[in-house]
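Asks: below is the structure, and that's it, no one-letter string:
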């Protein structure tokens with residue numbers, strides 16, 4: 001590069017990079033304070049309560065994920 005080139009990043013790559021950075025920050029906070037997981041767990045229970053009839057699959061998947069030990073959740077967030 002001569003210094004005059006403009007590096008162009010696709011919008012998707014920027015969004016992906018931001019998401020990864022955000023997940024990394026969340027992982028660090030949760031590893032320092034596992035009690036932070038109480039909030040998404042509480043919200044999940046509220047959503048399940050308000051689901052009419054059968055619980056949607058995505059809520060079941062989130063419940064399964066949030067039932068894991070903190071170390072597993074943090075590891076997943078860092079992936």
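Replies: Yes, it's here. Since this is a predicted model, take the numbers as computed values, not measurements.

Asks: would you mark the buried spots in the helix or strand that contains residue 28?
Replies: Secondary structure assigned from DSSP states H and E places residue 28 in helix 11-32. By 16 or more other Cβ atoms under 10 Å, the buried positions in helix 11-32 come out as 27, 30, 31. In short, each C-beta sits where N, CA and C put it, glycine included.

Asks: residue 67 and residue 15, how far apart?
Replies: Using Cβ to Cβ, to the nearest Å, we find residue 67 at a distance of 29 Å from residue 15.

Asks: ok, residue 74 touching residue 31?
Replies: Yes - at 4.8 Å, residue 74 counts as touching residue 31 under the criterion of Cβ atoms under 8 Å.

Asks: who's in contact with the nearest residue to residue 78 once chain neighbours are set aside?
Replies: Leaving out its chain neighbours, the residue that sits closest to residue 78 by Cβ to Cβ, 6 or more residues apart in numbering is residue 27, at 5.0 Å. Counting by Cβ atoms under 8 Å, 6 or more residues apart in numbering, residue 27 makes contact with 74, 77, 78.

Asks: then residue 47?
Replies: Contacts of residue 47 (Cβ under 8 Å, 6+ apart): residue 59.

Asks: quick one: it and residue 60, what's the gap?
Replies: Looking at residue 47 against residue 60, where the rule is Cβ to Cβ, the gap reads 11 Å.

Asks: ok now the helix holding residue 28, how far from the chain's centre?
Replies: 8 Å (Cα atoms, centre = their mean, to the nearest Å).

Asks: who touches the helix or strand that contains residue 71?
Replies: Here residue 71 sits within helix 70-78, counting by DSSP H and E. Residues from elsewhere that reach helix 70-78 (Cβ under 8 Å, 6+ apart): 23, 24, 26, 27, 30, 31, 34, 37, 65, 66, 68.

Asks: just the pLDDT at the second one, thanks.
Replies: As predicted, residue 24 sits at a pLDDT of 97.
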